[in-house]
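> dropping a prediction and its sequence here:
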Amino acid sequence: MDLKYIKGIGEKRAEAFKKIGVNNLDDFAEFIPRDYIKKIKIFELKSNNDKLIAICGKVTNIKIPRKSNHPLIIHIEDETGIAEIPLFGGAEFRSKQFRMNQEFLFCGKPEFTFLSDYPRINYRDHLPVNLSDTNDREFLKYPFLPVYELPGELKKTWIKVLSLSKILFSAFKILSKESNVLNNEGIPPDILTNLKLINKKTAVLRINFPLTETDIEESRRRLAFEELFYLQILMSIRKVINKKENKGIIFEKDSCELYETFKNAIGFELTNSQVKVINEITEDMRSNSVMNRLLQGDVGSGKTVVALYSMLVAVKNGYQAAIMCPTEILAEQHYFSITKICEKLNITTELLTGSYKGKDKKIKYEKIESGEAQIIIGTHSLIQEKIKFKKLGFAVIDEQHKFGVIQRAKFKEKGLNPDMLIMTATPIPRTLSLAYYGDLDISTIDEMPKNRLPIKTFLRTNEEKSKVMEFIRNEINKGRQAFIVYPIIDESDKLDLKSAIKEYDYLRNIIFKNDEVGLLHGKMTQEEKESIMERFKQNDIKILVSTTVVEVGIDIPNATVMLVEEAQRYGLSQLHQLRGRIGRGAEQSYCILLTDNKSEETLERLKILCESNDGFKISEKDLELRGPGEFYGVKQSGEIYFSCTDLYKDKDLLELAKIHSEKIINEDCHLRMEKNQQIKENFLKKYQDSINLINVA
């Protein structure tokens, strides 16, 4: 059915829908409300002070204002009373939209004032309705009206919240009768029965037009399970294919001699946890399966050393190894620390970032292609088409949440089934690791080096800022260094945030005028960044004013203070990452979270950092408070998008989805059995953009 024939759409709106990817009636089945408006009677307004509500009734009075800055007043009446709705702006035009005794649906928030004899609604939207029309009567019988995202293309056609709700009602009426899309059950019947889940058709219709709040949650969980089920099908296929079908490199040479030489080169004892993880990785490397392993560990736990040893094993076996970093600062830091060790072992390293041009870049390309470069450290530059490795056998990705699945796949394609180690310093809650890394084996470094003192974290308000600056000055006088981090680079008219540049000038010229203050941010040239970081490392700069560009990859053992301004603007995991830039030396370190936000909820959230240095506990709390999209930048990665799932709330569904999907894939990896054809069809449709990454067709 052509969209333009659906009630309320027409030709222009049909074109607008097509621009946002809704090309036919079946596409509406993917619409999921982001919220609901409860429809109530006027006498109930007083008990719904804070919520967006809707009322339906007849216009009984239209008061045109005498002054242009006064509102047009509409009185609307139902069988329980009269409500007053002030409409600001364009009173003359607006008055023509309403007629006496015409029926309307209004939505807004209740507002009470002594200036009126009637309860008021703070107007948000309205919709003319006709109670003698069958379709309108059916639409209005539902007590919850769905609220959908309103892309700009739809707004251009004057579609608003209530009109879109009504259009979707008309679409779902037709869908439920004439289309098979809702009957395409995505979950096998035995699983539905076993888990007592409703069928897909009921779930889709109920979540869009529920009769009760129970309908909403029951339908959401059913659709969330389907999202998680197919995600786990994807993960199970990847894991089985990687383990059983993709033949990897067998790294046979892994002797005690290399391990002892390595320990002597690094000059310190590895923790028991590091040794355990090295054994897990090298055991994988000795097998003929392709290794796909996630290495997680708190900031400062020593993941890079573990990765370096693994790369040395690959080099000893005649292969190249490479590590890809999200920023040039991190790549350079890895290059300098890795090279220092590799020089003692006669291993050749190479650094490749976007800053190298012309002849320098060409020379580096040649060294990589010839195999002269044995360990290559770089940024996204490593996955450019022009880069050719002679024999890439081991690939490492650092701070993996900064990279999307496509970038990881391109990196892997630079070799012939190289082993891959993916590292993160943001400890991942079990729920997230199952959802996003169910196809990977996971190693965890859960022990910090013995000489590290726990960082002391304090929450302070702007009223205490002078004392905070005095504390930093005292640390500087002891010979220490400090970070001061701001949320933005330049001043913004839109956000009331402090800028690094403005505050840098103030700190340098007034607060710390007798100390060397440096500035670091993402818009600086690579040469400027390198110069600033080198001076900070050499202790020429005492205080580094920065944006979150220092979130990863900065290692200054002499820095003992991390001051984060506008701390309420950050997630807990990001604050924990910033805190991890200090505490790397023998001296006591301090993290100070500064905020002018008095919200009890905000202060309680930030206190979590003051009470714990455990990244796993912090990340679990961060997931609970903010959700996966904010926690890990999932929406930006192009990897996974959930419309119904709440990963924190739906832990049980994820576990169940994993169990059932693994059972199916272990029996039928390529979904070739007759009973699995519907699953295969749905799966290929859902993940059609990823087929080349999962080797299933």
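Received the coordinates, thanks.
> wait, isn't Leu105 in contact with Leu127?
Yes - between Leu105 and Leu127 there is a contact at 4.5 Å, judged by Cβ atoms under 8 Å. Placement of C-beta: from N, CA and C, glycine included.
> mind listing the strands for the stretch 151-300 of the chain?
For the stretch 151-300 of the chain, the strands defined by DSSP state E, counting those that start in this stretch cover 292-297.
> in it, where is pLDDT below threshold?
The stretch 151-300 of the chain contains residues with pLDDT under 70 at 245, 255.
> pull up the overlap in contacts between Leu105 and Leu127.
Jointly contacting Leu105 and Leu127 under the rule Cβ atoms under 8 Å, 6 or more residues apart in numbering are Leu162.
> residues of the helix or strand hosting Phe471 that come out buried?
Using DSSP states H and E, Phe471 sits in helix 465-477. Within helix 465-477, the residues that qualify as buried are 465, 468, 471-473, 475-476, counting by 16 or more other Cβ atoms under 10 Å.
> also stretch 554-571?
By neighbour count with 16+ other Cβ under 10 Å, stretch 554-571 contains the buried residues 554-556, 558-571.
> for it, what is the distance to the chain centroid?
Chain-centre distance of stretch 554-571: 21 Å, with Cα atoms, centre = their mean, to the nearest Å.
> dump the buried residues of helix 465-477 to TSV, plus distance to Met291.
As requested, the buried residues of helix 465-477 are exported to TSV (distance: Cβ to Cβ, whole Å):
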residue	distance to Met291
Lys465	49
Val468	47
Phe471	47
Ile472	45
Arg473	50
Glu475	44
Ile476	46
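> quick check, nearest of these to Leu647?
Minimum distance to Leu647 across the buried residues of helix 465-477 is 36.2 Å, recorded for Val468 (Cβ to Cβ).
> spit out the contact partners of Glu503.
484, 486, 545, 565.
> among those residues, which are in strands?
Counted as lying in strands by DSSP state E, out of these, are 484, 545.
> can you pull the buried residues of stretch 574-587?
574-585, 587.
> quick check, nearest of those to Asn23?
Closest to Asn23, out of all of the buried residues of stretch 574-587 and judged by Cβ to Cβ, is Gln574, at 38.8 Å.
> what average pLDDT does the strand or helix carrying the closest one get?
Assessed by DSSP H and E, Gln574 sits inside helix 572-579. Here helix 572-579 scores 87 as its mean pLDDT.
> off-centre distance for it?
In terms of Cα atoms, centre = their mean, the centre of helix 572-579 is set 15 Å apart from its chain centre.
> try stretch 172-191
On Cα atoms, centre = their mean, the centre of stretch 172-191 falls 31 Å from that of its chain.
> contacts only, for Val545.
Counting by Cβ under 8 Å, 6+ apart, Val545 touches 484, 486, 500, 503-504, 507, 517-520.
> one more time with 10 Å, if that's ok
482-486, 500-501, 503-508, 512, 517-521, 563, 565 (Cβ atoms under 10 Å, 6 or more residues apart in numbering).
> can you name the residues bridging to it?
For Val545, the beta-bridge partners are Ile484, Leu519 (DSSP bridges).
> what separation do you get for it and Leu507?
6 Å (Cβ to Cβ, to the nearest Å).
> mutual contacts of these two, please.
Residues touching both Val545 and Leu507 comprise 484, 517, 519, with contact defined as Cβ under 10 Å, 6+ apart.
> got a winner among the residues you listed for most neighbours?
Ile484 (25 neighbours; other Cβ atoms under 10 Å).
> what about that residue, distance to Asn451?
26 Å.
> wait, which of the buried residues of stretch 574-587 is closest to Val315?
Arg584 (27.3 Å).
> how about the secondary structure of that closest one?
When classified by DSSP: H, G, I helix; E, B strand; the rest coil, Arg584 comes out as coil.
> again with Ile55
Ile55 is classified as strand under three-state DSSP.
> was I right to think it contacts His75?
No - under the criterion of Cβ atoms under 10 Å, Ile55 makes no contact with His75, lying 11.7 Å away.
> so where is the stretch 551-697 of the chain shaky, pLDDT-wise?
In the stretch 551-697 of the chain, residues with pLDDT under 70: 551-553, 626-641, 688-697.
> what segments of it are helices?
572-579, 600-611, 615-632, 634-637, 651-667, 677-686, 691-694 (DSSP state H, counting those that start in this stretch).
> same thing with the stretch 201-350 of the chain?
Under the criterion DSSP H, counting those that start in this stretch, the stretch 201-350 of the chain carries helices at the ranges 213-240, 256-266, 272-286, 303-316, 328-344.
> packed most tightly, which of those would that be?
Mean neighbour count (mean count of other Cβ atoms under 10 Å) peaks for helix 303-316 among the helices of the stretch 201-350 of the chain, with a mean of 24.
> and that one, average pLDDT?
Per-residue pLDDT values over helix 303-316 give a mean of 95.
> cool, stretch 97-116 as well?
87.
> from one end of that stretch to the other, what's the distance?
23 Å (Cα to Cα, to the nearest Å).
> and it, what's buried?
Using 16+ other Cβ under 10 Å as the test for burial, stretch 97-116 gives 98, 103-111.
> just those: which are in strands?
Those of those lying in strands (DSSP E): 103-111.
> among those, which one sits closest to Asn246?
Cys107 (54.7 Å).
> residue contacts, the closest one?
If you count contacts by Cβ under 10 Å, 6+ apart, Cys107 has them with 37-39, 52-56, 121, 123-127, 145, 147, 160-162, 165.
> one more: Met448?
Neighbours of Met448 in contact, by Cβ under 10 Å, 6+ apart: 271, 273, 297-302, 454, 583, 613.
> in a markdown table, list those along with distance to Lys658.
As requested, the contacts of Met448 are exported to a markdown table (distance: Cβ to Cβ, whole Å):
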| residue | distance to Lys658 |
| --- | --- |
| Thr271 | 31 |
| Ser273 | 26 |
| Gly297 | 24 |
| Asp298 | 26 |
| Val299 | 29 |
| Gly300 | 32 |
| Ser301 | 27 |
| Gly302 | 30 |
| Pro454 | 35 |
| Gly583 | 36 |
| Asn613 | 31 |
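> derive a ChimeraX selection command for the buried subset of the residues you listed.
Typed into ChimeraX, the next command selects the buried ones out of those (criterion: 16+ other Cβ under 10 Å):
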select :271,273,297,298,299,300,301,302,583,613
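> and which of the contacts of Met448 is nearest to Gln232?
Taking Cβ to Cβ as the measure, Gly297 is the one of the contacts of Met448 closest to Gln232, at 25.4 Å.
> for the closest one, give its distance to Lys303.
According to Cβ to Cβ, Gly297 and Lys303 sit 5 Å apart.
> that older thread, run the chain-centre distance for the helix holding Phe471.
The chain centre lies 35 Å from the centre of helix 465-477; the measure is Cα atoms, centre = their mean.
> which strands and helices sit next to it?
Helix 465-477 is packed against strand 456-461, strand 481-485, strand 543-546, strand 559-564, strand 590-595, with contacts defined by 3 or more Cβ pairs under 10 Å, 6 or more residues apart in numbering; DSSP states H and E.
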